[in-house]
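Colleague: Please work out how this folds:
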Amino acid sequence: MGKKSRCKGCWGWCLVLIVLATIAFGIFISVKLKNRKSDSDVPGPPGSISKKYANALKIAMQFFDVQKSGKLVDNKIFWRGDSALKDGSEAKLDLSKGMYDAGDHMKFGFPLAYTATVLSWSILEYGDQMKAVNQLEQAQDSLKWITDYLINAHASENVLYIQVGSPKADHSCWDRPEDMTGPRPLTQVNTSTPGTEVAAETAAAMASASLVFKSIDSAYSSLLLNHATQLFTFADKHRKSYSISIPEVKTYYNSTGFGDELLWAASWLYHATGNQSYINYVTGENGEEFANWGSPTWFSWDNKLAGTQVLLSRVSFFGPKDVSNFDILQKYRKSAEAVMCGLLPESSTATSSRTDNGLIWVSEWNALQQPVASSFLAVLYSDYMLTSRTTKLSCNGDTFTPSDLRKFAISQADYILGNNPMKMSYLVGYGNKYPEFVHHRGASIPADATTGCKDGFKWLESDEPNPNVATGALVGGPFLNDTYLDLRNNSMQGEPSTYNTALIVGLLSGLVTTSSVVKSFT
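Modeller: Purely as a prediction, here's the structure:
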């Protein structure tokens, strides 16, 4: 009897303890959930979707729609409408499509072609990841909007229209693209005024896009490839920088040389055709003259060497070992490794071009281009290593893994998305805080405004936030001291561009899943 009574008393106390423990556990879980940033910050199993990067990718992709010129079909941006419908008419061409370069209404062919090449590469490598978050079709549609324009801009075998609009006239206005009334003069390169880098970059865009559309629309793919081969021949045969042929282009997109574009275009043509002559091109005397093997460079609209090195590393990792001059191809891979080693902060060869908070920082103007481009290449190279089961990267005696490259890329992406001293996302529309005074004409003027070219400047000078959100815009970025001034006339930091968007789309697509498997382009 006594033992039984003690059990009854003990059971009562047990119930009390259980209730208290349950309450305490509930409070603990509640606090953990409150303090946790988001579900996306918790690593999932290999191949699982990162909600954070998937959401950022969906937002970034929308900027392509913001930038579209021409007759808009299925327009998703309420404050945008048809514009520049007569572009190209003076040459009896339809150049109404394409995309505006940045916050203005210029169509610059050189960076626009680079946008298409990077977007193509992103789709080719990470199309499955894009599809998993319902962004593949959007990416393909945006790419085709550019390549339709580039096809029409290549008016004949040796004639390429490289610019629509006069920068001086365009920048003397502050108006919506839908309200433009001024002339839109055309600029071309041809045999008399060659432009090797812009013709070669356009060839790269066409060749890479031909691979994207190969299984979707074979006729369109073949058309792109035909344009690519013609443009490459034109670029190579008539070698001269467009900055020399047309000095006016120096003000906005001055080229520092055309050798990198020739190697870049030939590399893409090899992937698109399998023709060994393009491998011979990049490994022969042209490689000797232009490749600058062993010297790391920054990947950008002006310099394609680092991109070429990573792209040709793909052949080294996965291509046939009997490809001609395979030993020379290894020089490109070694150069790509030097680029990767320079990015890894713990490498003895790490670049010092960083902010105190770890962001790669090279230039005051459009500072985010280099960290995003570098991170995109790092994710690609990491996935090449993983897929080929290459476990180690040697950096002057230090050893690193594919996960180290991915960790670097994530650090840059997270900085851009808000993990920075400003506690602000540099991707407009992402997170709770992002730039509100983006240097972008269409975003700064109400859709129902009746202002024109000159009187529209009151919107530039307004101290009110933009009435329209340029969703997906990646602004220029912070200063070296990690600060950002959100002012509409601060174009150095606050102006977005289509090529920045192509790069961030590529990076985020590579990070959408926790791991990626590289597949053949063909």
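Colleague: I figured residue 162 hits residue 194, correct?
Modeller: No. If you go by C-beta atoms under 8 Å, residue 162 and residue 194 don't touch, sitting 11.1 Å apart. Just so you know, the C-beta spots here come from the backbone N, C-alpha and C atoms, and that holds for glycine as well.
Colleague: Would you mind listing the residues touching both of these two?
Modeller: residue 242 (C-beta atoms under 8 Å, 6 or more residues apart in numbering).
Colleague: Can you tell me which helix or strand of the chain has the lowest average pLDDT?
Modeller: Every helix and strand in the chain was compared by mean pLDDT, DSSP states H and E; the lowest is helix 2-35, with a mean of 39.
Colleague: Need the nearest residue in space to residue 114, chain neighbours excluded.
Modeller: residue 301 (4.5 Å; C-beta to C-beta, 6 or more residues apart in numbering).
Colleague: Just read off the phi/psi values of the one you found.
Modeller: phi -60, psi -20 (degrees, to the nearest 10).
Colleague: For the stretch 351-500 of the chain, just list every one of the helices.
Modeller: Under the criterion DSSP state H, counting those that start in this stretch, the stretch 351-500 of the chain contains helices at 369-387, 402-416, 441-444, 457-461, 491-494, 498-511.
Colleague: Ranking those by mean neighbour count, which comes first?
Modeller: helix 498-511 (a mean of 30; mean count of other C-beta atoms under 10 Å).
Colleague: Which elements pack onto it?
Modeller: If you count contacts as 3 or more C-beta pairs under 8 Å, 6 or more residues apart in numbering; DSSP states H and E, helix 498-511 packs onto helix 51-66, helix 109-132, helix 369-387, helix 402-416.
Colleague: what's the neighbour count on the spatially closest residue to residue 104 that is not a sequence neighbour?
Modeller: Nearest residue to residue 104, sequence neighbours excluded (C-beta to C-beta, 6+ apart): residue 170, at 5.5 Å. By the measure other C-beta atoms under 10 Å, the count of residues near residue 170 is 21.
Colleague: and what of residue 230?
Modeller: Residue 230: 18 neighbours (other C-beta under 10 Å).
Colleague: likewise the one 3 residues further on?
Modeller: For residue 233, the neighbour count with other C-beta under 10 Å is 14.
Colleague: Could you check which helix or strand contains it?
Modeller: Assigned by DSSP states H and E, residue 233 belongs to helix 218-237.
Colleague: if we look at the following helix or strand past that helix, which residues are touching it?
Modeller: Counting by DSSP H and E, the next helix or strand C-terminal to helix 218-237 is helix 242-245. Outside helix 242-245, the residues that touch it by C-beta under 8 Å, 6+ apart are 110, 162, 189, 193-198, 249-250, 254-255.
Colleague: mind listing which of those residues are in helices?
Modeller: Secondary structure from DSSP state H places 110, 196-198, 250 of the contacts of helix 242-245 in helices.
Colleague: which one of these is nearest residue 373?
Modeller: Ranked by distance to residue 373 (C-beta to C-beta), those are led by residue 110 at 15.8 Å.
Colleague: Quick check: the closest one touching residue 160?
Modeller: No. Contact criterion C-beta under 8 Å: residue 110 and residue 160 do not qualify, at 10.6 Å.
Colleague: Quickly list what's touching both of the two.
Modeller: residue 198.
Colleague: who touches the residue nearest to residue 114 in this structure?
Modeller: 110-111, 114, 253, 369, 499.
Colleague: Relative to residue 485, which of these is nearest.
Modeller: residue 369 (18.5 Å).
Colleague: hang on, that closest one packs against residue 501?
Modeller: No. Counting by C-beta under 8 Å, residue 369 does not reach residue 501; the two are 10.9 Å apart.
Colleague: what separates the residue most central in space within the chain from residue 297, distance-wise?
Modeller: For the chain, the residue nearest the mean C-alpha position is residue 503 (1.0 Å; C-alpha atoms, centre = their mean). Remark: distance between residue 503 and residue 297 (C-beta to C-beta, to the nearest Å) = 16 Å.
Colleague: Check residue 250 too.
Modeller: With C-beta to C-beta as the criterion, residue 250 and residue 297 are 20 Å apart.
Colleague: cool, and residue 59?
Modeller: Taken as C-beta to C-beta, the span from residue 59 to residue 297 is 30 Å.
Colleague: So between those two, which is more surrounded?
Modeller: For residue 59 versus residue 297, neighbours defined as other C-beta under 10 Å are more numerous around residue 59 (22 against 18).
Colleague: didn't the more buried one look like it was pressed against residue 430?
Modeller: Yes. In this structure residue 59 lies within contact range of residue 430 using C-beta under 8 Å: 5.0 Å.
Colleague: Okay, now the unreliable bits of this structure?
Modeller: Within the chain, the stretches with pLDDT under 70 are 1-46.
Colleague: quick one: contacts of the helix holding residue 233?
Modeller: Here helix 218-237 has contacts from 144, 147, 150-151, 154, 157-158, 160, 191, 194-197, 199-200, 202-207, 209-214, 258, 261-262, 265-266, 268-269, 272-273, using C-beta under 8 Å, 6+ apart.
Colleague: Weed out the non-buried ones from those.
Modeller: 144, 147, 150-151, 154, 158, 160, 194-197, 199-200, 202-207, 209-214, 258, 261-262, 265-266, 268-269, 272-273 (16 or more other C-beta atoms under 10 Å).
Colleague: So which of the residues you listed belong to strands?
Modeller: Secondary structure defined by DSSP state E assigns residue 160 of these to strands.
Colleague: before we move on, back to that, okay, the helices and strands packed on helix 498-511 in CSV with distance to residue 287 next?
Modeller: Shown next, in CSV, are the helices and strands packed on helix 498-511 (distance: least, C-beta to C-beta, whole Å):
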stretch, distance to residue 287
helix 51-66, 34
helix 109-132, 20
helix 369-387, 19
helix 402-416, 25
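Colleague: ok and the helix holding residue 233 relative to helix 109-132, angle-wise?
Modeller: With axes from the mean of the first three to the mean of the last three C-alpha atoms, to 10 degrees as the basis, helix 218-237 and helix 109-132 are set at 150 degrees to each other.
Colleague: quick check, distance from helix 218-237 to the centre of its chain.
Modeller: Taking C-alpha atoms, centre = their mean, to the nearest Å, one finds the center of helix 218-237 at 23 Å from the center of the full chain.
Colleague: next one: stretch 289-301
Modeller: The answer for stretch 289-301 is 19 Å, by C-alpha atoms, centre = their mean.
Colleague: next one: stretch 59-76
Modeller: That offset, for stretch 59-76, works out to 16 Å (C-alpha atoms, centre = their mean).
Colleague: Make 11 the starting number, not 1.
Modeller: Shifting the count to begin at 11 puts that one at stretch 69-86.
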